[in-house]
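*Asks:* based on what follows, work out the 3D shape:
(2 chains)
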Amino acid sequence: GAVVSQHPSRVICKSGTSVKIECRSLDFQATTMFWYRQFPKQSLMLMATSNEGSKATYEQGVEKDKFLINHASLTLSTLTVTSAHPEDSSFYICSAAGLAGETQYFGPGTRLLVL
Amino acid sequence: AQSVAQPEDQVNVAEGNPLTVKCTYSVSGNPYLFWYVQYPNRGLQFLLKYITGDNLVKGSYGFEAEFNKSQTSFHLKKPSALVSDSALYFCAVTGGGNKLTFGTGTQLKVEL
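*Replies:* I've put the predicted structure just below:
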C-alpha cells in the first residue's frame, strides 16, 4: 500500500515553455500533498504544501506564479513550471499524506532539464 | 524551528557487519521522527517512524532505529548489512505538524 506515482519521470524542454508534472496517490486518499525540489547531492527542499480543494501554501522564496500547484482531487496534484529556464532544471519529488497525516509517501521523482 | 543533523556524509561498512547511521534532531514539543532511503534517480522510500511508544522501532528490510530523548537522537541500525543496502539515507523530523524537515543525508556504502 501507500503507492505514489509521478509522471513524467523525465522531461526535457526548451527555455520559455511550461511543463506539467502529475503526482497521484494510487491506493489511498491524500488529503495533503507536498512538492519538493532536490539538487544533486543535496537534501530535499520543500517548495509547497497543497490540500485538496484549497490553495497551496508556498515556502519562503518559492514563486507561486512560476510554480503553479493544483490539488483538484484526493488522488491528484499537479505542479506546473511556467516559462521554464535552465536554472529550473532539477529533480522534483512529490509526496502524499493520508488522513492520519503523519507519514509522507514519496513519488519516484521527475527529472526536469531545461535547455 | 525544527532541524535535523546527520553528521556523517558517508558511512562505509563491510557486508555482514552491523551498520549505524546517525541522526540528531531539534524540535519544539514531541518529535515525530522518520527514516527514508533513496536509490539513485528515485524518490524516497519510507523505512520506519517513531511517533510514540517503544523507543526501539522496527522497519522495512531489517532496519531499526532507537529513539533517545535525552540525547535527542534517532540512529538507524541494522544488525547485518547487505550490499543492496547501499543508498542515500535521510532522517526527518516534524513537531506534530505536517511539514517535514530533512537532514542532509548519509550515503551508505556496503562493500563485499
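*Asks:* remind me which residues of chain A are low pLDDT?
*Replies:* A:1, A:100-101 (pLDDT under 70).
*Asks:* leaving out chain neighbours, which residue sits closest to the spatially most central residue of it?
*Replies:* Centroid-nearest residue in chain A, with Cα atoms, centre = their mean: residue A:35, separated by 3.6 Å. Counting by Cβ to Cβ, 6 or more residues apart in numbering or on different chains, residue A:35 lies nearest to residue A:47, which is 4.6 Å off, once chain neighbours are set aside. All C-beta atoms are positioned from the backbone trio N, CA, C, and that covers glycine.
*Asks:* circling back to that earlier point, so the residue nearest to the centre of chain A sits against residue A:48, correct?
*Replies:* Yes. Here residue A:35 reaches residue A:48: they are 5.2 Å apart, a contact under Cβ atoms under 8 Å.
*Asks:* who touches both of the two?
*Replies:* Common neighbours of residue A:35 and residue A:48, using Cβ atoms under 8 Å, 6 or more residues apart in numbering or on different chains, are A:67, A:69.
*Asks:* please enumerate the strands of the chain.
*Replies:* Just so you know, I chose chain A. Here chain A has its strands, by DSSP state E, at A:4-7, A:10-13, A:19-25, A:32-38, A:44-51, A:57-58, A:67-73, A:76-81, A:90-97, A:105-106, A:110-114.
*Asks:* try again with chain B
*Replies:* Under DSSP E, chain B gives strands at B:3-5, B:10-14, B:19-21, B:24-26, B:32-38, B:44-50, B:56-58, B:64-68, B:73-78, B:87-94, B:101-102, B:106-111.
*Asks:* and the ones you listed as TSV, adding distance to chain A?
*Replies:* Putting the strands of chain B into TSV (distance: least, Cβ to the nearest Cβ, whole Å) gives the following:
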stretch	distance to chain A
strand B:3-5	9
strand B:10-14	11
strand B:19-21	14
strand B:24-26	14
strand B:32-38	6
strand B:44-50	4
strand B:56-58	13
strand B:64-68	14
strand B:73-78	15
strand B:87-94	7
strand B:101-102	5
strand B:106-111	9
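*Asks:* okay, and the beta partners of the nearest residue to residue A:10 once chain neighbours are set aside?
*Replies:* Closest residue to residue A:10 apart from its sequence neighbours, by Cβ to Cβ, 6+ apart: residue A:111 at 4.6 Å. Taking DSSP bridges, one obtains residue A:10, residue A:91 as the residues bridged to residue A:111.
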